[in-house]
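> just the structure for this:
(chains A and B)
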Amino acid sequence: DAGITQSPRHKVTETGTPVTLRCHQTENHRYMYWYRQDPGHGLRLIHYSYGVKDTDKGEVSDGYSVSRSKTEDFLLTLESATSSQTSVYFCAISERVVRDEQFFGPGTRLTVL
Amino acid sequence: DAKTTQPPSMDCAEGRAANLPCNHSTISGNEYVYWYRQIHSQGPQYIIHGLKNNETNEMASLIITEDRKSSTLILPHATLRDTAVYYCIVSNPGGSNYKLTFGKGTLLTVNP
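Down below sits the predicted model:
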């Protein structure tokens, strides 16, 4: 299995609080991605990174920011969590562009009350 | 990226071949077909991908029609652990769009 970990694995927080999710990889892959998965919507891309300090928005980026200061870490921040951000969040990595398979982490289940 | 159409669900008997279809009639010449699966509560797992030729690896075979408008993922001897949602995705690896668009997929249930 690709070396991808996500932390925390589960989190319950309250509306309006900031939340940061961490994705850590040991594969030295260039590309990293954050997805969210909700019933009826499948997986949707939030943000992705194509290198250290290089990030871009996905299809559902409103309310989220990301940072990548090191190759191995990709952080997803919810500045002020809302109940609509209750979801399962998956991080993924790939060595090159989309043609290479993406390896997914185990997911973080976030509940915003 | 081209869109895909998959049946919402399929059943298969354990030990038999599972054939999962996917239609991608608007696929363009530089788009690949990818298959992923997601076992309940886990992250998606890459299975296989191809451009025009049929492909096989240790997990599955991918059959792409000559006109590339459809494909079939074959799990040759399905086991109970193959019960999962299977996603067919088409994407251009050389384009500026880095993302994979996951649709709703096919829920494959392997029965004993």
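> OK, contacts around residue 52?
Here I'm looking at chain A. A:Arg68, A:Ser69, A:Lys70, A:Thr71 (Cβ atoms under 8 Å, 6 or more residues apart in numbering or on different chains). Just so you know, the C-beta spots here come from the backbone N, C-alpha and C atoms, and that holds for glycine as well.
> meant chain B actually
Taking Cβ under 8 Å, 6+ apart as the test, what B:Lys52 contacts is B:Ile64, B:Arg68.
> swap the cut-off to 10 Å and go again
B:Gly29, B:Tyr32, B:Val33, B:Ile64, B:Thr65, B:Glu66, B:Arg68 (Cβ atoms under 10 Å, 6 or more residues apart in numbering or on different chains).
> ok so, going back, return the subset of the contacts of A:Val52 lying in strands.
Members of the contacts of A:Val52 lying in strands (criterion: DSSP state E): A:Arg68, A:Ser69, A:Lys70.
> make CSV from these and add pLDDT to it.
Formatted as CSV, the ones in strands among the contacts of A:Val52 follow (pLDDT from 0 to 100):
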residue, pLDDT
A:Arg68, 97
A:Ser69, 95
A:Lys70, 95
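> from those, which would you call buried?
A:Arg68 (16 or more other Cβ atoms under 10 Å in any protein chain shown).
> circling back: go back to the contacts of B:Lys52 and keep what's next to chain A.
Among the contacts of B:Lys52, proximity to chain A is found for B:Tyr32 (Cβ under 10 Å from any Cβ of the partner chain).
> which one (most neighbours) among the contacts of B:Lys52?
B:Val33 (25 neighbours; other Cβ atoms under 10 Å in any protein chain shown).
> nearest residue to the middle of chain A?
Among the residues of chain A, the one closest to the centroid is A:Trp34, at 2.9 Å (Cα atoms, centre = their mean).
> and what about that one, helix, strand or coil?
What DSSP: H, G, I helix; E, B strand; the rest coil gives for A:Trp34 is strand.
> got a list of what it touches?
A:6, A:21, A:23, A:44-49, A:55, A:58, A:60-61, A:64, A:66, A:74-76, A:89-92, A:105, A:108.
> so what sits opposite it in the bridge?
Beta-bridge partners for A:Trp34, by DSSP bridges, are A:His47, A:Cys91.
> strands of the chain, start to end?
With no chain named, the answer covers chain A. Using DSSP E, strands in chain A cover A:4-7, A:10-13, A:19-25, A:31-38, A:42-51, A:54-57, A:64-70, A:73-78, A:87-94, A:103-104, A:108-112.
> not what I meant, chain B
B:9-13, B:18-23, B:32-38, B:45-50, B:55-56, B:61-64, B:70-75, B:84-91, B:106-111.
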